[in-house]
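**Q** Structure for the following, please:
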Amino acid sequence: MPETESSNWQRASLIPTSGLKGHREQEVRATSATLAVLSAVPEFSKSVLKQFGAPAGKSETFVEVSFKTSDGRMVRPDGLIRVKSRSRTWTCLVEVKTGRNSLEFEQLETYLDIARANGFDALVTFSNQFSPSAGVHPVKETTKCRHVSHVMDSLDHRSGYPT
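**A** Residues are numbered from 1 along each chain as shown. Okay, the predicted model is just below:
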């Protein structure tokens, strides 16, 4: 568990109170609403998260959880999802980009380091970026893990639901 215990983390809210002006505020709102739905609708959560290795269980979602990097910098991924089942707890960091904002290799590498240091299971990204092919992340391949998942890859574009 990171230095900031989960009791201090801000839970995702379906109707977040952040502003609307800048791209950062848009990302906070999109992250909070999406993650709130994941924690409120168990079947949706199970359907979306099983493709990333999450067990069936109760989902808890948080926004803007702060972590300290190995070089002492503070970073704040957009979200964190924790799924508790009877036998294990699965946790992932979440990075969201809205509009024309693109996922950045260096930022994802930092978040992968944070995930590894804290024993988290995954880093999941949401964005409008298209992958070059199915199963390939839109950001150049990272050297820090075997597999990085991007939600756009997993959507059935006709229905909008995970396949």
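
**Q** Where in this structure is the helix or strand with the lowest mean pLDDT?
**A** Using mean pLDDT, DSSP states H and E, the weakest-scoring helix or strand in the chain turns out to be strand 149-150, at a mean of 52.

**Q** Burial check on the nearest residue to residue 88 once chain neighbours are set aside, number of neighbours?
**A** Using Cβ to Cβ, 6 or more residues apart in numbering and skipping the chain neighbours, the partner closest in space to residue 88 is residue 55 (6.0 Å). Just so you know, the C-beta spots here come from the backbone N, C-alpha and C atoms, and that holds for glycine as well. If you count neighbours by other Cβ atoms under 10 Å, residue 55 ends up with 16.

**Q** Can I get the lengthiest helix in the chain in CSV, CA atoms only?
**A** Identified as the longest helix of the chain according to DSSP state H is helix 23-40. Coordinates of each C-alpha in helix 23-40 appear next as CSV, following Å, rounded to 0.1, in the frame of the first residue of the first chain:
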residue,chain,number,x,y,z
HIS,A,23,-8.3,19.9,-20.3
ARG,A,24,-7.1,18.8,-16.8
GLU,A,25,-10.5,19.5,-15.3
GLN,A,26,-12.2,17.6,-18.1
GLU,A,27,-9.9,14.6,-17.4
VAL,A,28,-10.8,14.7,-13.7
ARG,A,29,-14.5,14.8,-14.5
ALA,A,30,-14.3,12.0,-17.1
THR,A,31,-12.2,9.9,-14.8
SER,A,32,-14.4,10.4,-11.7
ALA,A,33,-17.7,9.7,-13.6
THR,A,34,-16.3,6.6,-15.4
LEU,A,35,-14.8,5.1,-12.2
ALA,A,36,-17.9,5.9,-10.2
VAL,A,37,-20.0,3.9,-12.6
LEU,A,38,-17.5,1.0,-12.3
SER,A,39,-17.9,0.9,-8.6
ALA,A,40,-21.7,1.3,-8.7
